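Trainee: following is a predicted model, sequence given first.
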Amino acid sequence: MARLPQDLLARLGRLAQSEGIELVAVEVGGTARKPVVRLVLDREPAGVTLADCESVSRQASVMLDAYDPIPGKFTLEVSSPGLDRKLYNDKDFVRFEGRTVRIRMRPGWPAPRVFGGTLEGRADGFVRVRDHGGVTHRLPEGDVLDARLAPALEERETPQHQGRK
């Protein structure tokens, strides 16, 4: 799939910043016949609203049409990261330290390929996750396919849920 030029990415970042929003990620996906450009927005601590997404979408659409980085038609999606947000960068790993996450390892990684537990941090090329049995796993960053918050797992671990049958 196509990549967007660096100067366009910088302009999209400044556009979001002008609205008091962080452009967390720009993803280009979909298929060759139906490409999708996805902008992921966030604002600390409250998150983004639908109105924020609409405003950035209108302005980004004009910018993308002017740059024309993808030949033909494409779909523009603008959204918040969601409850099960992907952790994209160092800032995310620091911000969500102590939260419940699910880490998927690359294909070819020996079983298990999915680790759930408490994010203990990321440093020296490793992501550290303490599983529900109390074991800390040091996972090489280069082998991590993706890392996401796991609010459903977090909810099951709260005191009011412990001991229920």
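Mentor: Arrived safely.

Trainee: what's the first helix or strand after the biggest helix by length in the chain?
Mentor: Counting residues, the longest helix found in the chain (DSSP state H) is helix 50-67. As assigned by DSSP states H and E, the chain's next helix or strand after helix 50-67 is strand 75-79.

Trainee: just the buried positions in that following strand, please.
Mentor: Buried residues in strand 75-79, counting neighbours by 16 or more other C-beta atoms under 10 Å, are found at Val78. Yep, even glycine has a C-beta here, placed from its N, CA and C like the rest.

Trainee: the strands in the chain, which residues?
Mentor: Secondary structure of the chain (DSSP state E): strands at 22-30, 35-42, 75-79, 100-105, 114-123, 126-130, 136-140, 144-149.

Trainee: same for the first one, what does it pack against?
Mentor: Secondary structure elements in contact with strand 22-30, counted by 3 or more C-beta pairs under 8 Å, 6 or more residues apart in numbering; DSSP states H and E, are helix 6-18, strand 35-42.

Trainee: same check, this time on the last one
Mentor: On a contact count with 3+ C-beta pairs under 8 Å, 6+ apart, strand 144-149 meets strand 100-105.

Trainee: ok, the strand it packs on: who's next to it in the sheet?
Mentor: Strand 100-105 pairs in its sheet with strand 114-123 (antiparallel), strand 144-149 (antiparallel), by DSSP bridges.
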